[in-house]
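# Coordinates for the following, if possible.
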Amino acid sequence: MPKVASGSGSTRYDGRWCSSSSPPSPRPAPPPIPPAPMPPRPAPAAPRPPPMPAPGGGAPAPGP
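I've put the predicted structure just below:
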């Protein structure tokens, strides 16, 4: 595969950037980059078991 495509691309940019003699022409605004699709969320972890009451009566249960 010839390296003409890559070479010409780099040369074009080099010429555009290194052309200090001519005033830099305003480059057209780059096309808006579409937001990258968010990766699928990982499967939810197994439901946690209900918190067991601390032995010896820890915090009093909230009640009336």
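# Poorly predicted segments of the protein, please.
Segments of the chain classed as low confidence (criterion: pLDDT under 70) are 1-26, 43, 53-64.
# try it again with 50
Applying pLDDT under 50 to the chain picks out residues 9-10.
# tell me the SS of residue 35?
Three states are possible here, and by DSSP: H, G, I helix; E, B strand; the rest coil the one that applies to residue 35 is coil.
# Could you pull up phi and psi at it?
Phi and psi for residue 35, reported as degrees, to the nearest 10, are phi -60, psi 130.
# Quote the end-to-end distance of stretch 31-38.
Across its full length, stretch 31-38 reaches 20 Å end to end, with CA to CA, to the nearest Å as the criterion.
# ditto for stretch 27-34
By CA to CA, one end of stretch 27-34 lies 20 Å from the other end.
# now do stretch 33-44
For stretch 33-44, the first-to-last residue distance is 31 Å (CA to CA).
# next one: stretch 38-51
Where stretch 38-51 begins and where it ends lie 33 Å apart, using CA to CA.
# any idea how far residue 52 is from residue 34?
When distance is defined by CB to CB, to the nearest Å, residue 52 is 49 Å away from residue 34. The C-beta positions use only the backbone N, C-alpha and C, and glycine is treated the same way.
# Residue 50 now?
Residue 50 sits at a distance of 44 Å from residue 34 (criterion: CB to CB).
# for residue 40, same thing?
The gap separating residue 40 from residue 34 is 18 Å, by CB to CB.
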